[in-house]
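>>> Show me how the following folds:
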Amino acid sequence: MLSRVTPSTLLAAVATSVMTALATLVATSCLNSTDEAGPRSVAPFDGLIAEERHSIDLFDQASPSVVNVTAFATRRSAFSRLTTEVPANQGSGFVWDKEGHIVTNLHVVADASGAQVTLSDHSTYKADLVGYYMDKDIAVLRIEAPASKLQPIDIGRSSEVRVGQKVFVIGNPFGLDQTLTTGIVSALDREIRAPDFDGQPTNRTIQNVIQTDAAINPGNSGGPLLDSSGRVIGVNDQIYSTTGSNLGIGFAIPIDEVNRIVPQIIAYGRVLRPQLGVELDVGVGRLLGLGGVVIRRVPAGTAASRAGLRGGGAYRTTGGWELEGDVILEADGKPTPDRDALLHVLESHEVGDSIELKVLRDDRALLIPVTLQVPQ
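The predicted model follows:
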């Protein structure tokens, strides 16, 4: 006798069958998943391309010469009279010689109560300030480190640099030491203004500056800009930015200028810029539209005095301005509309060199040779 199948019985049977099938499917899926778990197979590596090998070799060659510079400031406790030194600024630098001289930017260590240098092997040394040249934002430090730990950087020629050539930056952006970035030389012969120090403007420009799109950020200041041979061609100094971080426009002081300055700082603690031996009325020539710098005073016994230059300056009278001193219009055939332009010409010479000045005197232009003297 056949049993009667009710709708409820049929529904229950179907539900049981569905649940059994789902359980079987889940178990099978889990089993398959377990079977397939494990590391993925590694795709074959075709090796580094030539450009990658070059970048790696350059970094291995140059990075031991790049250092991290930390400047300290003295802080007094708000609850006691105790003072401590705390990190106030960070930058980069590079090893100049086996005697422990380190080149960096002056603005990295300016106004610091002390400084330390960290080498590429993370060993740290107290740094003493040897000297600086404010007009070019260059400072030289010295550390007492074993010569075996000091790898002087290779020096190139900024005069040989061409727009479009590849460049490399090694430094410590945001304190991230031994960071490599790359780019090209974007432009040459840029002019930037030297930083102010102690709130006092230098009123000087730095010329023949190298512009690059290689990433330069806070902390890269003072580090090397390298050519494709690993030679330093510039000292990273400033960036153009509206945010404080890299926007692809960075500037480096040309190494030819640095290579002239640093040996003098090491030898004398300062730069011996050749001088005429005159005092100038700064800004008067521009105010009067004279196209040159006005000599206010010529002290006795100076190079200017021996050459016959005249002082006197310019002064205001009831009838207008009176001009008594010579006006230097040109030096070595280069226009000198202001003090900065005149100093750039002088800086390209050595003490004892003779240069020709074109001066305005009594409405007449005269050519006067002057032998440059040691700074007083």
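
>>> from here on, contacts and neighbour counts on C-alpha atoms
Will do.

>>> Which parts of the stretch 51-200 of the chain are helices?
106-109 (DSSP state H, counting those that start in this stretch).

>>> so where is it shaky, pLDDT-wise?
Scanning the stretch 51-200 of the chain for pLDDT under 70 picks out the ranges 76-85, 199.

>>> I'd say Met285 and Ile295 touch.
Actually, residue 285 is Gly rather than Met. No: with contact defined as CA atoms under 8 Å, Gly285 does not reach Ile295; the gap is 9.5 Å.

>>> overlap in contacts of these two?
Val327 (CA atoms under 8 Å, 6 or more residues apart in numbering).

>>> What distance do you get for Ile328 to Leu357?
7 Å (CA to CA, to the nearest Å).

>>> More neighbours: those two, which one.
Ile328 (29 against 23; other CA atoms under 10 Å).

>>> Name the nearest residue to that one, sequence neighbours excluded.
Leaving out its chain neighbours, the residue that sits closest to Ile328 by CA to CA, 6 or more residues apart in numbering is Val359, at 4.4 Å.

>>> How about Asn89?
Ala71 (5.1 Å).

>>> contacting residues for that neighbour?
Per CA under 8 Å, 6+ apart, neighbours of Ala71: Pro87, Ala88, Asn89, Gln90, Val108, Val109, Ala112, Ser113, Gly114, Ala115, Gln116.

>>> Could I have the buried ones of the residues you listed as ChimeraX selection syntax?
Only the buried entries of the contacts of Ala71 go into this ChimeraX selection, using 16 or more other CA atoms under 10 Å:
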select :88,89,90,108,109,112,114,115,116
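
>>> Using a markdown table, please lay out the contacts of Ala71 together with distance to Asn259.
Formatted as a markdown table, these follow (distance: CA to CA, whole Å):
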| residue | distance to Asn259 |
| --- | --- |
| Pro87 | 29 |
| Ala88 | 28 |
| Asn89 | 25 |
| Gln90 | 23 |
| Val108 | 19 |
| Val109 | 20 |
| Ala112 | 25 |
| Ser113 | 27 |
| Gly114 | 25 |
| Ala115 | 23 |
| Gln116 | 23 |
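
>>> Spell out the residue ranges of the strands in the stretch 51-200 of the chain.
Under the criterion DSSP state E, counting those that start in this stretch, the stretch 51-200 of the chain contains strands at 66-76, 83-95, 101-105, 114-118, 124-133, 138-143, 166-171, 179-193.

>>> ok, now the stretch 201-350 of the chain?
205-212, 224-226, 232-239, 250-254, 279-281, 293-297, 314-317, 320-323, 327-331, 334-335.

>>> taking the contacts of Ala71 as a set, which two sit the farthest apart in space?
Using CA to CA, the contacts of Ala71 span at most 13.5 Å, a distance reached by Gln90 and Ser113.

>>> can you list the domains in this protein?
Domain segmentation of the chain under automatic domain parsing yields 60-149, 158-268, 279-371.

>>> Tell me the predicted confidence for Arg4.
On pLDDT, Arg4 comes in at 55.

>>> okay, how far is it across stretch 43-56, tip to tip?
23 Å.

>>> just to revisit the earlier point, can you give me the distance of the residue nearest to Ile328 to Leu323?
For Val359, the distance to Leu323 - CA to CA - is 13 Å.

>>> With neighbour numbers in mind, choose between those two.
Val359 (25 against 19).

>>> Looking at the contacts of Ala71, which one is closest to Ala50?
Gln90 (34.3 Å).

>>> what number of residues lie near the residue nearest to the closest one when sequence neighbours are not counted?
Leaving aside its sequence neighbours, Gln90 sits nearest to Thr70 (CA to CA, 6+ apart; 4.6 Å). For Thr70, the tally of surrounding residues (other CA under 10 Å) stands at 24.

>>> what pairs with Thr70 across the strands?
When bridges are called by DSSP bridges, Thr70 pairs up with Gln90, Gln116.

>>> Would you mind confirming that it is in contact with Ala115?
Yes: the pair Thr70 / Ala115 is scored as a contact, 5.5 Å apart, by CA under 8 Å.
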